[in-house]
Structures are given as C-alpha cells and as structure tokens.
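In: from the sequence below, what's the structure:
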Amino acid sequence: MSEIEASINASATPRPPAARVGGGSNHPLHHSVVVEPDAPGDEEQAEGPSAAFFDVDNTLMHGASIYWLARGLARHGVLSGRDILGAAWKQARYKLRGTEHHGHISSIRATALNLVAGFPVDEMRSLCEEVVDRDIAPRILEPVRRLAERHLAADQEVWLVTASPVELAGVIASRLGLTGALGTIAEIEDGCYTGELVGDLMHGPAKATGIAELAEERGLDLAQCTAYSDSANDLPMLRKVGKAIAVNPDSRLARQARHNGWPVLDYRRGRRAAKLALPSAAAAGVAAGLFYLFKSRDRD
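Out: Residues are numbered from 1 along each chain as shown. Coordinates of the predicted model:
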C-alpha cells in the first residue's frame, strides 16, 4: 500500500454513497452541483468527516475540459473555428508569459459574457453530456480516477473543483460517481443565460473560498481533507486542506511541493508532452471564460 493510499484509509469516516446529480436548482449554492445519494442513510456521522477535492484540467484529465466543450459547440454550429483558435491562443500566450492575473480574467469574462445572453440552458446541458461521453471520458487519467474511487471506498466525499462551467463539471462528477462539483455558474432566467455570472469564476482564491463554504455547509473537517491539483493557481485551495497533493505540477507548484514536502504524482508522457499540452489547458484556471462563448458573432 502506498503512502497516499494509507493516508486515504487512515482518514476514512462514514459518508453516504454518491449516485446521481440532484437538487434541480438553476443556481446551486457555492457554485456547486451535488451528486446526491438516492436514499440517504439515517446513521450518525463520525466526528471530523472528510473529503477529497480534485481539480479537473491536467489533474483528473489530460488537457482542458472547456476546450472540448468549445469543440462540441463548433460541431453544432454555435462557435466558429476562429473563435476557438483565437481564444485558445490568447489563453496560451498569457499563461506561457506568466501574466495570468485578475485583470486578464476580467477581460475574458467581459468579452465572453457579451455573447452568452439568450443561449438555452437545456441545450447546454445536453451538449455537456455529449462532450463528456464522447471527448472527455477517454481523457480521464485512470490513476487519478482510481484515487478518487479509493476516497469514496473510504467513505469520504469526492468533489471536483474547477473554473469550468458547473454544468460540465456536474456531468463529469455524475459519470464518475463522485459526490459533486464546484464550478463557475452563469446566471439563468426563463431557461436561458442572461450574460451575467452568479458570483465570480471558480478560479484561484475562489476555489479556497468555495471549499470552505462547502465544508461549513456539509460539516467537513478541512484539516482531514485532501486536495489535488496541477497548478500553482490552486495554491490557496491546496493550503486550505490538511493534505495537498500535486498532480502533473507546473514548475511553480512543483517548487512549492518540494518546499512543503507535498507528494507529487506525475502521469505526463515525457517532457515534450508536458511542454506541448493543449494550449487552452495551459490556462486551465482561466479557460472557463471560453464557456461563455456560446453564441458566435454571426448568430442572432
């Protein structure tokens, strides 16, 4: 048994099993979609219930989930190839120059929200299911999926925490049988997106705030929780829990992992693959802005 597996087993506390997406709310609390059990048990929970929080892009899967959503939108004629390539290049350029910051995020959000108003929510949810089953499922990292399953087997909750749309994150969580997902939420009115956000992008410090609010709501002891990520942008979340694990870390996170003595898991296929990862995935934290490019400039 590895050190990480031993840690998972040692922190186990009883939790109900995950089964399906529930709730039915257009705006779940704390940027979240919860995968609730079909029939929650009445047994008392042990003190200090715990959870594992997984970033998605380049942590749970190869590449960026939002890229594949954009591809799906292009297949259905909603986005143009120019939209996808231009946005992906902009993301990669900012990331590779190390200039990803709040102003950059706000700029992407303002541009993207300009295009989303009026897009039907039902179409988005159906598209997310198609994209997850067709494009994302084959790119899930099996060793990381097995880690998530071990947390579940140890009666711990497992949550995805991502800047990608909560609708997309919720489908991934549901397909994998996880407890739920926290992601970016777009405001909905009369079954369509309004062009505004509920809160802010689930990125950087917002992830730490999100899991803290979730822990309070669900009675989780963050000191007994684990977080997994590939990016230094997630350091606020990683520092919020009792055990942080770097997965396919970028250079800044790798340095922090060495400094803090955090375990490092690397499933990349060599140095070249690590450097040539999908450009939009390089900006995983901010890439959620592409979600709002639902409506091309030519669409009425």
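In: tell me if residue 244 really is in a strand.
Out: Yes. Judged by DSSP: H, G, I helix; E, B strand; the rest coil, residue 244 forms part of a strand.
In: tally of neighbours for it?
Out: 24 (other C-beta atoms under 10 Å). Quick note: C-beta positions are derived from backbone N, CA and C, even for glycine.
In: with residue 142 instead?
Out: 8.
In: ok, it to residue 61 distance?
Out: Distance, residue 142 to residue 61, using C-beta to C-beta, to the nearest Å: 10 Å.
In: over to residue 165?
Out: 15 Å.
In: these two: who's more crowded?
Out: residue 165 (27 against 23).
In: so who does the more buried one touch?
Out: Contacts for residue 165 were tallied using C-beta atoms under 8 Å, 6 or more residues apart in numbering; they are 66, 69, 124, 128, 183, 184, 185, 186, 288, 291.
In: in terms of helices and strands, where is the fourth one?
Out: Meaning residue 128. According to DSSP states H and E, residue 128 maps onto helix 121-131.
In: list the helices and strands that helix packs on?
Out: Contact here means 3 or more C-beta pairs under 8 Å, 6 or more residues apart in numbering; DSSP states H and E; on that basis helix 121-131 packs against helix 65-75, helix 166-176, strand 192-198.
In: point out where the protein drops to low pLDDT.
Out: By pLDDT under 70, the weakly predicted segments of the chain are 1-48, 78-117, 269-300.
In: strands of that one, residue ranges please.
Out: Using DSSP state E, the strands found in the chain span residues 20-21, 32-36, 51-54, 157-165, 180-189, 192-198, 226-229, 243-247, 264-265.
In: could you dump the ones you listed to TSV with distance to residue 151?
Out: Shown next, in TSV, are the strands of the chain (distance: least, C-beta to C-beta, whole Å):
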stretch	distance to residue 151
strand 20-21	19
strand 32-36	14
strand 51-54	4
strand 157-165	5
strand 180-189	13
strand 192-198	28
strand 226-229	7
strand 243-247	11
strand 264-265	14
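In: look up phi and psi at residue 231.
Out: Residue 231 has phi and psi values of phi -120, psi 140 when expressed as degrees, to the nearest 10.
In: surely it is in contact with residue 251?
Out: No. Contact criterion C-beta atoms under 8 Å: residue 231 and residue 251 do not qualify, at 10.5 Å.
In: more crowded one of the two?
Out: residue 231 (27 against 10).
In: how far away is that one from residue 257?
Out: Where residue 257 is concerned, residue 231 sits at a distance of 12 Å (C-beta to C-beta).
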